[in-house]
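**Q** just the structure for this:
(chains A and B)
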Amino acid sequence: MILKVLGSSSKGNCYLLMAQDDILILEAGVGIRDIKMALGFDFRNVRGCLLTHEHKDHSRSAIDLHNMGIPIYCTKGTREALELPHKASCIMVPEVTTVKIGGYVVTAYKAKHDAAEPCMFLIYHPEMGSMAFATDTYIIPYDFRGLNHYLIEANYSMKIIQDKVAQGLLHIKLAQRIIKSHLSLENALKQVKDSKDLENVILIHLSDSNSNAEEFKAEVQKSTGKPVYIADKGLKIELRREMNE
Amino acid sequence: MATTPKATENKAPATQQVAISEKVRQQIADLTKKNQIALPSNYSPENALKSAWLVLQETQTRDKKPVLQACTQASIQNTLFDMVIQGLSPAKKQCYFIPYGNQLQLSRSYLGTVAVTKRLKGIKDVKAHVIYEGDTFETEYDIATATVRIKEFKPSFGTIDIKKIIGAFAVIIGENGPIHTEIMTIAQIKSAWNQGNAKGNSGAHNNFAEEMAKKSVINRACKTYWNTSDDSDLLIEAINNTTDAEDEPKYDSKNMIADAEYEVRQEEGAPKVIVEAQVMSEPVQQTIEDEDIYEGTPFK
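**A** Prediction:
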């Protein structure tokens, strides 16, 4: 299973999960051309696209994917906000709906963000095991146990925000909004700290100005002892599942 | 290389103007091409930039230095960028430029605030009225929508007296009528004025109190609509980057950050729902085949 990062910032978010013959698109926040290029203009194995919420940096190309016949999976609120046609999209009810998308099994969970009905996903595929995908949420109200991979937002660090506001480099209103809509490094750490089965942690959606990639990486690595990646545009890693049993 | 000081003085701003204007224009053209911003159809960035330069050439810092020399290039560029993104023009008195040390800052008048708020989705107009002593003014609460509405307002010509203002209200009008009503008493308005530099004692506050009261209530009503936004929403970012010309409260930044952090920590502290991730490999509750999707079967 290969994970490709096409974008992971407020400019645009898009990730590709590429199994042997199943491809799942996570978010459609980059230009449709970028997605096409990354797939080598080959959509034969694309099974669907998951959207967490309707903000542009997560949904820019959703309608294009829909027009190409790619099923879109999102919550009812997201679908209504995006005005996606009913026909080619599937509603995920958080904590209830579990769907099979090709070889993937996907469940939605509630997220906390200033969007219509934001959600996060738990994704299972035999090739990689289970993975949580949580972005654009200021808290994660779940304790995911037995995860193999965690694709988790680490948008800002409280310290950097405080410093920047004190120096007048960041508008107080904006700072407030970030705190009440995005996941801090500190909260992300709490989530991944105690997971035993975790094999990879991928930190996503780092803010351009309120984060420090190297420091974040070192800190998470120190507290988990697992390989940590920063989702930079173009990152390509292999997700595997260690068979211990 | 003996150039007279006068010659350099004249030359520097001219080349600076071309360079900075060009940069801003390119930023904007780039964003428009990528569909990240949509400027109002009757707005010309070129014209706004030109009139901004005319204003900037006249603007001075507190110690009487021209701002074009005192302020950093980057801050001038950012200010002009914020101006164009919001579709504002200094020629229409929608915005001003204010230097803080070597940082230029865009400041929006209430005319600008109304213009900018009207560009947000679903907002058609913003209207404000002043309530004088003797006017009939009654409000009611709508339980269904949890909003306060004005039940009755009878302004009378005979009651108009700027010494006897008892309050003001602003109404934000959406596609289907009023969507938000903001009411302020004169005491609230005066404490808003107190936050400003003039402390509510300028000539304008004394002689045109009704206009100043309208400004305050409009500013407060519009602010409600700027906080919710997309991450990618450059318009909202620009709006929040710009201060209000009138009564920008001096934020207690430390407490505001601490409050937001506390709220998040409270929720973070709540017990977590335990989800066994590995259970997912077992039979699923619902399977949706691609065929279903294209036939438009309704899903739960």
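
**Q** going by C-alpha atoms from here, please, whenever you check contacts or count neighbours.
**A** Will do.

**Q** quick check: residue A:92 touching residue A:76?
**A** Yes: counting by C-alpha atoms under 8 Å, residue A:92 touches residue A:76, with 7.0 Å between them.

**Q** between those two, which has more neighbouring residues?
**A** residue A:92 (27 against 21; other C-alpha atoms under 10 Å in any protein chain shown).

**Q** which residue comes closest to the more buried one once chain neighbours are left out?
**A** residue A:75 (4.7 Å; C-alpha to C-alpha, 6 or more residues apart in numbering or on different chains).

**Q** low-confidence stretches in chain A?
**A** Within chain A, the segments meeting pLDDT under 70 span A:87-88, A:168, A:242-245.

**Q** report back the residue of it that's furthest from centre.
**A** The C-alpha centroid of chain A is most remote from residue A:167, which lies 31.3 Å away (C-alpha atoms, centre = their mean).

**Q** can you tell me how far that residue is from residue A:160?
**A** 11 Å (C-alpha to C-alpha, to the nearest Å).

**Q** again with residue A:17
**A** Distance, residue A:17 to residue A:160, using C-alpha to C-alpha: 32 Å.

**Q** measure the residue farthest from the centre of chain A to residue B:73 for me?
**A** In this view, residue A:167 and residue B:73 are 19 Å apart by C-alpha to C-alpha.

**Q** one step back: more neighbours: which of residue A:17 and residue A:160?
**A** residue A:17 (20 against 14).

**Q** a strand runs through the more buried one, doesn't it?
**A** Yes: remark: residue A:17 belongs to a strand, assigned using DSSP: H, G, I helix; E, B strand; the rest coil.

**Q** quick check: it touching residue A:6?
**A** No: shown here, residue A:17 and residue A:6 do not form a contact pair, counting by C-alpha under 8 Å, at 11.0 Å.

**Q** Provide a list of residues in contact with residue B:37.
**A** With contact set as C-alpha atoms under 8 Å, 6 or more residues apart in numbering or on different chains, residue B:37 has these partners: B:31, B:85, B:234, B:235.

**Q** before we move on, what SS does it have?
**A** Put simply, residue B:37 is coil when judged by three-state DSSP.

**Q** per-residue pLDDT, it?
**A** You'll see residue B:37 listed with a pLDDT of 76.

**Q** that one and residue B:86, how far apart?
**A** 10 Å.

**Q** intersection of neighbour lists for those two?
**A** residue B:235.

**Q** any idea how far the closest residue to residue A:141 other than its chain neighbours lies from residue A:215?
**A** Residue nearest to residue A:141 in three dimensions, not counting chain neighbours: residue B:272, with 5.2 Å by C-alpha to C-alpha, 6+ apart. As judged by C-alpha to C-alpha, residue B:272 and residue A:215 stand 28 Å apart.

**Q** comparing the two, which residue is more hemmed in?
**A** Taking neighbours as other C-alpha under 10 Å, residue B:272 and residue A:215 compare with residue B:272 leading, 13 against 10.

**Q** show me what contacts the more buried one?
**A** A:141, A:142, A:143 are the contacts of residue B:272 under C-alpha under 8 Å, 6+ apart.

**Q** I'd say the first one and residue B:269 touch.
**A** Okay, so that is residue A:141. No: contact criterion C-alpha under 8 Å: residue A:141 and residue B:269 do not qualify, at 9.1 Å.

**Q** those two: who's more crowded?
**A** residue A:141 (20 against 11).

**Q** angles on the backbone of that one, please.
**A** The phi and psi values for residue A:141, taken as degrees, to the nearest 10, are phi -80, psi 20.

**Q** got a list of what it touches?
**A** Contacts of residue A:141 (C-alpha under 8 Å, 6+ apart): A:111, B:268, B:270, B:271, B:272, B:273.

**Q** ranges for the strands of chain B?
**A** Counting by DSSP state E, one finds strands in chain B at the ranges B:95-100, B:103-108, B:123-132, B:136-142, B:147-154, B:165-174, B:177-185, B:243-244, B:273-276.

**Q** pLDDT below threshold where in chain B?
**A** Short version for chain B, where the test is pLDDT under 70: B:1-14, B:197, B:227-233, B:243-254, B:279-300.

**Q** and the residue nearest the centre of it?
**A** residue B:239 (3.8 Å).

**Q** tell me the contacts of that residue?
**A** So residue B:239 contacts B:82, B:86, B:116, B:226 (C-alpha under 8 Å, 6+ apart).

**Q** quick check, nearest of those to residue A:198?
**A** residue B:226 (39.8 Å; C-alpha to C-alpha).

**Q** burial of the residue nearest to that closest one when sequence neighbours are not counted, as a residue count?
**A** Among residues not flanking residue B:226 along the chain, residue B:236 sits closest, at 6.1 Å (C-alpha to C-alpha, 6+ apart). Using other C-alpha under 10 Å, residue B:236 has 22 other residues around it.

**Q** same check on residue B:134?
**A** By other C-alpha under 10 Å, the burial measure for residue B:134, its neighbour count, is 15.

**Q** try residue A:231
**A** Residue A:231: 27 neighbours (other C-alpha under 10 Å).

**Q** packing partners of the strand or helix carrying residue A:34?
**A** According to DSSP states H and E, residue A:34 maps onto helix A:32-38. For helix A:32-38, the packing partners by 3 or more C-alpha pairs under 8 Å, 6 or more residues apart in numbering or on different chains; DSSP states H and E come out as strand A:2-9.

**Q** is chain B contacted by the strand it packs on?
**A** No: residues of strand A:2-9 are not located near chain B by C-alpha under 8 Å from any C-alpha of the partner chain, the shortest gap being 9.4 Å.

**Q** could I get the buried residue list for that strand?
**A** Using 16 or more other C-alpha atoms under 10 Å in any protein chain shown as the test for burial, strand A:2-9 gives A:2, A:3, A:4, A:5, A:6, A:7, A:8, A:9.

**Q** can you list the residues you listed in CSV and add distance to residue B:24?
**A** Below are the buried residues of strand A:2-9 laid out as CSV (distance: C-alpha to C-alpha, whole Å):
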residue, distance to residue B:24
A:2, 40
A:3, 37
A:4, 34
A:5, 30
A:6, 28
A:7, 25
A:8, 26
A:9, 23
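
**Q** which among those gets closest to chain B?
**A** residue A:9 (9.4 Å; C-alpha to the nearest C-alpha).

**Q** contacting residues for the closest residue in space to residue B:72 that isn't next to it in sequence?
**A** Among residues not flanking residue B:72 along the chain, residue B:102 sits closest, at 5.8 Å (C-alpha to C-alpha, 6+ apart). Shown in contact with residue B:102 (C-alpha under 8 Å, 6+ apart): B:70, B:71, B:72.

**Q** then residue A:9?
**A** A:57, A:204, A:205, A:206, A:207, A:208.

**Q** how about the last one: what's its closest non-neighbour residue?
**A** In space, not counting the residues next to it along the chain, residue A:208 is nearest to residue A:9; the distance is 7.3 Å by C-alpha to C-alpha, 6+ apart.

**Q** in the sheet, which residues pair with that neighbour? Tell me.
**A** residue A:12 (DSSP bridges).

**Q** and stretch A:7-25, which residues are buried?
**A** Neighbour counts over stretch A:7-25 (16+ other C-alpha under 10 Å) mark A:7-19, A:22-25 as buried.

**Q** after the longest helix seen in chain A comes which helix or strand?
**A** For chain A, the helix with the greatest residue count under DSSP state H is helix A:213-224. Moving toward the C-terminus from helix A:213-224, the first helix or strand encountered (DSSP H and E) is strand A:228-230.

**Q** I'm done for today, thanks for sticking with me.
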